[in-house]
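K.L.:
Using only what follows, build the 3D model:
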Amino acid sequence: MRILLFWLLLLPLPGIAQEKKWARPPYTLKIAPVALINPVQQSVALQADIPFSARWGLDMGIGAVFHSAPLAANIGESYWGLKLRPAIKYYIEQTRWGNNSLSLVLKYNYIINDRYLNVIRQGGQYAEWRLQRRQYVTGGVSLLFATQDYIGKNKRFFIEPFMGFGYRRIQVTYLGLPPDAEILPERGVFILDRAPGIYNAPDLMIGFCLGVRMGRNEE
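P.N.:
The predicted structure is shown next:
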């Protein structure tokens, strides 16, 4: 028992020693290129790593949504909004060639979609092809694992593949819909649109970022 107790007391020492050898990771700027070609939700997504110790940091992300091919296909339709993605990052491992991290990610999306819909008015007396505004507000939380691999002669640039899983809550609101309007449901195999209401769904995050380091790791 004395030997076991002594061994347990020594367990934190390697971690403390390793912590002292680690320097604070570099600040970074990065972009998610897949967001630019996402047909459902095209956006420009920028992120920045802001480490404040050898183990902990922030990963702050912001995105501007500017188009959706299936949800704004006609003249006069639009799809735009804002995406925020702050995260608390824990650096699991770091070397001169890169680092691995685990992050707790919070997500907030605010999207406005103007799209033509078929609606029935005045108790079914006539149908109307109406440009209707819809608001999508999404909140969620995820656990994200990422690996930064430094590339180039001076290891200045990096590629960061990531994968995560979590939960999201989507609130859909139709703005300015007349009280007597009844929306005709869409038909098809893949329905991207949602009726007004609140939806809970799993959130799978897979992709990669390209970025540049703003500093160097100390050896």
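
K.L.:
Pairing partners for the residue nearest in space to the middle of the chain in the sheet, please.
P.N.:
With distances taken as Cα atoms, centre = their mean, residue 85 lies nearest the centre of the chain, 5.5 Å away. Beta bridges link residue 85 to residue 61 when assigned by DSSP bridges.

K.L.:
List the contacts of it.
P.N.:
Residue 85 makes contacts with 45, 47, 59, 60, 61, 62, 63, 105, 106, 107, 108, as judged by Cβ atoms under 8 Å, 6 or more residues apart in numbering. For every residue, glycine as well, the C-beta is placed using N, CA and C.

K.L.:
could you point out the longest strand in the protein?
P.N.:
strand 126-151 (DSSP state E).

K.L.:
partner strands of that strand, parallel or antiparallel?
P.N.:
strand 98-121 (antiparallel), strand 157-175 (antiparallel).

K.L.:
Against residue 52, how distant is residue 65?
P.N.:
The gap separating residue 65 from residue 52 is 30 Å, by Cβ to Cβ, to the nearest Å.

K.L.:
what's the answer for residue 194, then?
P.N.:
Using Cβ to Cβ, we find residue 194 at a distance of 39 Å from residue 52.

K.L.:
who's more crowded, those two?
P.N.:
residue 194 (13 against 9; other Cβ atoms under 10 Å).

K.L.:
Please look at the more buried one and residue 170 and confirm they touch.
P.N.:
Yes - if you go by Cβ atoms under 8 Å, residue 194 and residue 170 touch, sitting 7.1 Å apart.

K.L.:
Now for those two: what residues contact both?
P.N.:
Contacts common to residue 194 and residue 170, judged by Cβ under 8 Å, 6+ apart, are residue 136.

K.L.:
coming back round to it: for the longest strand of the chain, what does the pLDDT average out to?
P.N.:
Taken as a whole, strand 126-151 carries a mean pLDDT of 93.

K.L.:
And stretch 28-45, by the same measure?
P.N.:
Averaged over stretch 28-45, pLDDT sits at 93.

K.L.:
And stretch 212-219, by the same measure?
P.N.:
Mean predicted confidence for stretch 212-219 is 66.

K.L.:
how much space between the residue nearest to residue 67 when sequence neighbours are not counted and residue 212?
P.N.:
Excluding the flanking residues, the one nearest residue 67 by Cβ to Cβ, 6 or more residues apart in numbering is residue 42, at 4.4 Å. Computed with Cβ to Cβ, the distance linking residue 42 and residue 212 is 23 Å.

K.L.:
what's the answer for residue 149, then?
P.N.:
Residue 149 is 13 Å from residue 212, by Cβ to Cβ.

K.L.:
which SS class is residue 154?
P.N.:
Following DSSP: H, G, I helix; E, B strand; the rest coil, residue 154 is assigned to coil.

K.L.:
Report pLDDT for it.
P.N.:
pLDDT, residue 154: 84.

K.L.:
distance of it from residue 102?
P.N.:
27 Å.

K.L.:
Give me the more crowded residue out of the two.
P.N.:
Per other Cβ under 10 Å, whichever of residue 154 and residue 102 has more neighbours is residue 102, with 15 against 9.

K.L.:
Give me the distance between that one and residue 165.
P.N.:
12 Å.

K.L.:
Now do the shared contacts for those two.
P.N.:
By Cβ under 8 Å, 6+ apart, the residues touching both residue 102 and residue 165 are residue 143.
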